[in-house]
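[1] Okay, sequence plus prediction incoming.
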Amino acid sequence: MRVRRRIFNPLTELTLAALFVVLVLVINNWRFSLAVLLLVVFPAAVTSGRAGRIAVVFGVLVGPMLLFLLLLHGLFFPEGATVLLDLGIAAVTAEGLLFALSMGTRIAAFAGLLLTAVLSMDVSELLATLTHRRWNRKLVFVLGAALGLAPLVSERATEIMKAQRARGLVVTRNPLSKLRALVMVGRPLIAGLLIDAGDRSRTLEARGFAGTVPRTSYRADTDTTVQRTVRWVMLAAVVVFSIWWYIGRAG
Amino acid sequence: MISLDLRSFRYDDGAGLVDIAFTLPAGDRVIVVGASGSGKSTLAGLVAGQFDAGQGHRFVGTLTVSGERLTFDGSGSDPRIDLGAWGAHVGYVGQRPTARLSMVCATVAEEIAFGLANRGVPVERMHALVQRIAERVGLTDLLERDPRRLSGGELQRVCIAAAVVGDPGSLVLDEPFKGLDVTGRRDIEVLLADLRQGGTSILQFEPMLPSGVDSGSRVIMLVDGTTVADGLGVVEGNGWLGNGVGIEGVLPDKGSPSAWAVTKEESAVLIRGLTFSYGEDPVLSIADLDIHRGEAVAVLGPNGSGKSTLLQHLNGLLRPTTGTVGVLGQDLRGRSTGSLAATVGYLFQDTDQQLFEATALREASYGPRASGRSAKEAEQLALQALDDVGLADVLDAHPHDLCFRQRRLLALASLMATGPAIWVLDEPTVGLDLRGREVLAQLIRRHTRNGGTLVMATHEAAFAEAVCHRGLRLEGGTVAERLQY
């Protein structure tokens, strides 16, 4: 059974994800990055109701990067002194592996946090919250359109692929066949999205989107004073911690 | 009130509109009819203010809305239309409803309210207005649904509701009934009549004359971008028809009965115990269905009754949850959709979704090439199919530069080029003008006369009766009625 995570307002979840990203970058330690991955990202993704989708996107985006890091730094790390395996032109070194581990966990935590937040988010609720908070409407729309684009692109690509299969396209397990199908979908997909974008832009304008009166929201405000306070406190805490990490510790 | 005095509106490539003038007082309706490519959508977009003066076109004339008169002389100093202010007076429902969605609304209710929210309407009033318009267009049960998950007809109703919820005073509707079933259409017609009584003026664009146009409605006929007829009400036989415009619901000739031979011994489609569900929701249940070679069968029913779902089982785009589907004696289990293209040709409801090549010829050649034919053979087959549908003179045109009729016929030619014995057509007449319907009817008859099979989903009972042997009426995913024509 699918369990939907709905504990915090989407703005709180997005703030949490962004602050954890900052901490991962500031602390820059593979143990911390791994802890974030296992104790924050993993449970959040599993209980999001969209674990499968998050896993697929994470695998497609982050998997090749991790492999590349492992090969590049594991075999060709210039400062590597402790050789674990000598392969002639390349050598597996302990320092190279440690660097790849550090970079890899950092990228994985970074991507995992943002992907989990974005892919499990109720975009409409986020936009309603930002509207209630009186954020700039164009900024809100750009954010909403960017977050809402992925499912739209995915649906259009599926429809185009269906049409091509109905006309004789056979996609096999062969990577070349998959690549060919991808190329065939890409052109009409982009053309269709561009045509849509023109119509959509005029429709939005005609529906008063570019107006200057304060916007209202059909959806009730699900944000709470407690969550607003917590967001500011978390933000302040991360700023103070980062300053201490860079300056206070050194002193 | 809307008033237009258009001397010319020309795109940079030369196409455009010439000499069109009308005034649409409060509470009146003007219906603009014209075949595909006659300039209807250009005119609709112009009145709706959806053009940027000087950007790729020149407009000479005047446009007046709610007392504000704008004069254009085709120069760089032409006025710019503030679409937000214009849209508050002129509601516009254009074609391709999916491109009209805001993309940031999770529910139908929010989508309808989007324009109100942008104009700062208080929440309580917004909720009341959305509820009221939803009741009037039959969307009450869909208010919490994701607009991106609606059928074409349902989405069209959302676009109409979004256009009228702010009470704009004038409405520009470009083929508003496209894709709607009988009930959906009736709801919209009642709504439009109510709006007119309340003083809203309506400018409606149609490829065919709607049946039963009242004598108080003004009708303008466009041919090649200019007015060729203009008057109150229209009756058949008064010289109006022709010019590629017909009356909705009027039967094309049924053809000679001797041509309607069906080979009862040979099954083209055989369905047994078919059920299909999305998740845990059953959407289709067909106990048994036999369709023979040479037979044409219409699948009728309201929006969401399972017509497209049934059709997509015939070439494996959807697979049964239980039961079997057989085509020309072969069980479809284990057969990929792509490998069936030479046996089952599928025409999608959304034509633009299935055109993906750079020229008409390449588009029609794609199927035969994908089915393993050589480039030369594929081109020959494509040329023949394009000639059959009357597109031999636009071989090098980009599909998206063709008019709607040509795009629909190109999609049909693309499936014909692979020579499938079974044609599966999903709403092929939606938005099609008279000439397009005549070509389609001729091609269907020729196909079945030559032993081919047709399965066609449609809302148009008259067209179905004219080209099919029998029909199935689906309701709630099951066969509610079997019809013999």
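    Okay, I see it. Numbers count the residues shown, from 1 in each chain, chains lettered A, B, ... in the order given.

[2] Using the record's assignment, carve chain A into domains.
    As given by automatic domain parsing, the domain ranges for chain A are A:10-125+A:223-240, A:136-206.

[3] Including mean pLDDT, could those go into a markdown table?
    Listed next are the domains of chain A as a markdown table, based on pLDDT from 0 to 100:
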| stretch | mean pLDDT |
| --- | --- |
| domain A:10-125+A:223-240 | 89 |
| domain A:136-206 | 80 |
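
[4] Just put those domains in CSV and tack on distance to chain B and mean neighbour count.
    No exception for glycine: its C-beta is placed from N, CA and C like everyone else's. CSV is the format used below for the domains of chain A (distance: least, CB to the nearest CB, whole Å; neighbours: other CB atoms under 10 Å in any protein chain shown):
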stretch, distance to chain B, mean neighbour count
domain A:10-125+A:223-240, 3, 17
domain A:136-206, 3, 17
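
[5] what sits against the most centrally placed residue in chain A?
    Note on chain A: the residue nearest the mean C-alpha position is A:L115, at 2.9 Å, using CA atoms, centre = their mean. Counting by CB atoms under 8 Å, 6 or more residues apart in numbering or on different chains, A:L115 makes contact with A:I54, A:V57, A:F58, A:L61.

[6] if you set the cut-off to 6 Å instead, what comes out?
    Going by CB atoms under 6 Å, 6 or more residues apart in numbering or on different chains, A:L115 touches A:I54, A:V57, A:F58.

[7] The first one falls within a helix, correct?
    Put plainly, it is A:I54. Yes. Under DSSP: H, G, I helix; E, B strand; the rest coil, A:I54 sits within a helix.

[8] List the residues that contact it.
    For A:I54, the contacting residues are A:A45, A:L115, A:T116, A:L119, by CB under 6 Å, 6+ apart.

[9] the helices in chain B, which residues?
    B:40-47, B:83-89, B:108-118, B:123-137, B:152-164, B:182-197, B:307-312, B:360-370, B:375-388, B:404-416, B:434-449, B:461-467 (DSSP state H).

[10] of all the ones you listed, which lies closest to B:L474?
    helix B:307-312 (5.8 Å; CB to CB).

[11] If you count contacts, what does the closest one end up packed against?
    strand B:281-293, strand B:422-426 (3 or more CB pairs under 6 Å, 6 or more residues apart in numbering or on different chains; DSSP states H and E).

[12] Among the ones you listed, show me which one is buried the most.
    strand B:422-426 (a mean of 23; mean count of other CB atoms under 10 Å in any protein chain shown).

[13] Which ones among the contacts of A:I54 map onto helices?
    Short answer: the contacts of A:I54 in helices (DSSP H) are A:A45, A:L115, A:T116, A:L119.

[14] still on that earlier bit, next one: the residue nearest to the centre of chain A from B:V65, what distance?
    Here A:L115 is placed at a distance of 47 Å from B:V65 (CB to CB, to the nearest Å).

[15] how near is B:G56 to chain A?
    The gap separating B:G56 from chain A is 12 Å, by CB to the nearest CB, to the nearest Å.

[16] Please name the nearest non-neighbouring residue to that residue.
    B:D12 (5.4 Å; CB to CB, 6 or more residues apart in numbering or on different chains).

[17] in terms of contact, does that neighbour touch B:Q55 like I think?
    No. Proximity of B:D12 to B:Q55 does not meet the contact threshold set by CB atoms under 6 Å, at 9.7 Å.
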